[in-house]
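Student: okay, structure incoming, though there's no sequence with it:
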Ligand SMILES: [Zn+2]
């Protein structure tokens, strides 16, 4: 996983699902941009907190203080009032690209791969195919396409916003279906070069010394950084994403520390 999704939920859990009396089964990821040229990611989040009964969505992507900012602002898998048409009842997730957070081409180039990554990540999570803008119920849909086919309002986002920064509709569609190759390469390089160092291992050992043997925790050496995974489902998710790891036991942790010159 190349990015972190920050949980910043401002809409009550199951709000749309309950108010609209929906049935389970949400088959689409919806791609939007906010259309507000001045609002930051935080501004959009704050606005949603006060206005979610009018319209809503599940995620924001943009740039905050020079860094990619991915926020989840509403729970997934429950519909959303994001399109203004009958496909609102198919929303597993609705992603808004924060137009106002993008001040330069460099900002856009940094945030756009995150926007694509998030769509594919959520599609995978929901078991939704990587297809874009067709009339099948299941798939990824732009607001533009939903509107053009009678399933949304009259909004045309995010196509003009993407075009303004040099991404054509064709490229956008290709990226959603195939992913962005540069990203994968970058992650691979990192994996090859980073090493576990003694400091990481000693910190790790002192943190979990008493917990070894618990069946509820699996300890991983991920990309050189030792992390603790609290459930087998998140472990499976990481494995599916191809995160390299090794399961650590008390014995091999101590031998790694010794090999690195520690534990005198
Ligand atoms: Zn939209």
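Tutor: Sure, I can see it. Because the structure is a prediction, the values reported are computed rather than measured.
Student: could you check how far the residue in the stretch 51-200 of the chain that the ion sits nearest to is from residue 257?
Tutor: Of all residues in the stretch 51-200 of the chain, residue 143 sits closest to the ion, at 3.4 Å by Cβ to the ion. From N, CA and C alone the C-beta is placed, and that goes for glycine too. To residue 257, residue 143 is 53 Å away according to Cβ to Cβ, to the nearest Å.
Student: show me where the stretch 101-250 of the chain has its helices.
Tutor: 105-126, 143-148, 159-164, 169-178, 181-193, 198-208, 232-240, 250-259 (DSSP state H, counting those that start in this stretch).
Student: so which residues make contact with the fourth one?
Tutor: Counting by Cβ atoms under 8 Å, 6 or more residues apart in numbering, the neighbours of helix 169-178 from elsewhere in the structure are 31, 116, 119-120, 130-133, 140, 142, 158-159, 162-163, 167.
Student: up against the ion, what does the chain have?
Tutor: 32, 143, 155, 157 (Cβ under 5 Å from the ion).
Student: for those residues, work out which two are farthest apart.
Tutor: 32 and 155 (7.9 Å; Cβ to Cβ).
Student: anything in contact with each of the two?
Tutor: residue 143.
Student: re the thing from before, residue 143 and residue 257: who's more crowded?
Tutor: Between residue 143 and residue 257, counted using other Cβ atoms under 10 Å, the more crowded position is residue 143 (27 against 18).
Student: quick one: residues contacting that one.
Tutor: Applying Cβ under 8 Å, 6+ apart, the residues near residue 143 are 30, 31, 32, 82, 83, 152, 155, 156, 157, 158.
Student: thought residue 153 was touching residue 84?
Tutor: Yes. Assessed by Cβ atoms under 8 Å, residue 153 is found in contact with residue 84 at 3.0 Å.
Student: tell me, what's touching these two both at once?
Tutor: Common neighbours of residue 153 and residue 84, counting by Cβ under 8 Å, 6+ apart, are residue 147.
Student: next one, pLDDT for the closest residue to residue 159 other than its chain neighbours please.
Tutor: In space, and not counting its chain neighbours, residue 159 is closest to residue 144: 4.7 Å by Cβ to Cβ, 6 or more residues apart in numbering. We have a pLDDT of 98 for residue 144.
Student: cool, residue 150 as well?
Tutor: The model's pLDDT for residue 150 equals 97.
Student: ok, of the contacts of helix 169-178, which come out buried?
Tutor: 31, 116, 119, 120, 132, 133, 140, 142, 158, 159, 162, 167 (16 or more other Cβ atoms under 10 Å).
Student: output those as a markdown table; include the columns distance to residue 37.
Tutor: Below are the buried ones among the contacts of helix 169-178 laid out as a markdown table (distance: Cβ to Cβ, whole Å):
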| residue | distance to residue 37 |
| --- | --- |
| 31 | 18 |
| 116 | 22 |
| 119 | 22 |
| 120 | 27 |
| 132 | 25 |
| 133 | 25 |
| 140 | 25 |
| 142 | 19 |
| 158 | 13 |
| 159 | 16 |
| 162 | 14 |
| 167 | 17 |
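Student: pretty sure residue 198 contacts residue 259?
Tutor: No. The criterion here is Cβ under 8 Å, and residue 198 misses it with residue 259 at 9.3 Å.
Student: the two - which one has more neighbours?
Tutor: residue 198 (14 against 10).
Student: mind checking how far the closest residue to that one other than its chain neighbours is from the ion?
Tutor: Leaving aside its chain neighbours, residue 198 sits nearest to residue 260 (4.1 Å; criterion: Cβ to Cβ, 6+ apart). Going from residue 260 to the ion by Cβ to the ion, to the nearest Å gives 52 Å.
Student: and residue 9, by the same measure?
Tutor: 20 Å.
Student: when you give positions from now on, start the count at 440
Tutor: Happy to do that; since the first residue is 440 now, the last one works out to residue 448.
Student: residues in contact with that residue?
Tutor: Counting by Cβ under 8 Å, 6+ apart, residue 448 makes contact with 511, 512, 513, 514.
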